[in-house]
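Asker: Provide a 3D model corresponding to the input given below.
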Amino acid sequence: MRRTEAARELGGFVREHRTDGGRRLRLAGMLLVTGVVGLAFGVPVTIASIGTTDGAPELAGLLLGVGLAGLGLGIWRLMQALRTREQCFDVHERGLTHRVAGTATLIPWADIERIGSASAGDGRPLAEARGMGFGYAIELRDGRKIRVDTFTEDPRELAETIHRAVSLGEFPQGRGRRP
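Answerer: Model prediction:
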């Protein structure tokens, strides 16, 4: 569905919130490389440490743990990046258009139940870079949930817009055209 058709059904265009899929892919790549390197060093150290009680078993465990965690998180981020490639939320006067990988779903404000509880942001170092900062789910009346996280441009503004429209009845005013 083209944006012009969505604009006719949902009213004037207000703004766009793109998700940075490239950043997700880069993070997945870094995690996968970390996992492979951890395992590449961890397996030989584990084999070499069989039968010893010095510091080698602890080092082997650390390297294997880093490797397995890196691989697991890397695969998770890679699947997330592929599942949500080209994701974008278009805000219109009467609802949202959720676009993912060339398909668009029209979501009128009446179809949104609420914004799920938001994670207030992870205070740990590099939380935003890892995508572990602010996040929430858009909960639809049919039970589906759409996750929004720090990879999406200005997720707080999107959450506030949805909350105002769904809970307070304060609908955004569109410009009727692309900025």
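
Asker: residue contacts, the residue nearest to Val91 when sequence neighbours are not counted?
Answerer: Leaving aside its sequence neighbours, Val91 sits nearest to Val14 (CB to CB, 6 or more residues apart in numbering; 4.2 Å). Just so you know, the C-beta spots here come from the backbone N, C-alpha and C atoms, and that holds for glycine as well. The neighbours of Val14, taking CB atoms under 8 Å, 6 or more residues apart in numbering as the test, are 91-93, 161, 172-175.

Asker: Now do the closest residue to Ala56 other than its chain neighbours: how many residues are near it, please.
Answerer: In space, and not counting its chain neighbours, Ala56 is closest to Ser49: 3.4 Å by CB to CB, 6+ apart. For Ser49, the count of nearby residues is 17 (other CB atoms under 10 Å).

Asker: re the thing from before, pLDDT score for the residue nearest to Val91?
Answerer: Looking at Val14, its pLDDT stands at 89.

Asker: List the buried residues in the helix or strand that contains it.
Answerer: Using DSSP states H and E, Val14 sits in strand 13-18. Within strand 13-18, the residues scored as buried using 16 or more other CB atoms under 10 Å are 13-17.

Asker: Kindly report the same for stretch 150-158.
Answerer: Those would be 150-152, 155, 158, for stretch 150-158 by 16+ other CB under 10 Å.

Asker: re earlier: so who does the residue nearest to Ala56 touch?
Answerer: Residues near Ser49 by CB under 8 Å, 6+ apart: 56-57, 59-60.

Asker: Mind doing that once more with 10 Å?
Answerer: Taking CB atoms under 10 Å, 6 or more residues apart in numbering as the criterion, Ser49 is in contact with 55-61.

Asker: before we move on, the earlier item: most neighbours, which of the contacts of Val14?
Answerer: Neighbour counts for the contacts of Val14, by other CB under 10 Å, peak at His92, which reaches 26 neighbours.

Asker: Relative to Gly116, how far out is that one?
Answerer: Per CB to CB, to the nearest Å, His92 is found 22 Å from Gly116.

Asker: re the thing from before, considering the contacts of Ser49, which possesses the most neighbours?
Answerer: That'd be Ala60 among those, by other CB under 10 Å, with 21 neighbours.

Asker: how about that residue, what does it touch?
Answerer: Contacts of Ala60 by CB under 10 Å, 6+ apart are 41-50, 52.

Asker: Quick one: those as TSV, columns for pLDDT, secondary structure and distance to Ala110 too.
Answerer: As requested, the contacts of Ala60 are arranged in TSV below (pLDDT from 0 to 100; DSSP: H, G, I helix; E, B strand; the rest coil; distance: CB to CB, whole Å):
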residue	pLDDT	secondary structure	distance to Ala110
Phe41	94	helix	55
Gly42	92	helix	53
Val43	92	helix	55
Pro44	92	helix	60
Val45	90	helix	59
Thr46	88	helix	57
Ile47	89	helix	61
Ala48	86	helix	64
Ser49	84	coil	62
Ile50	83	coil	64
Thr52	76	coil	66
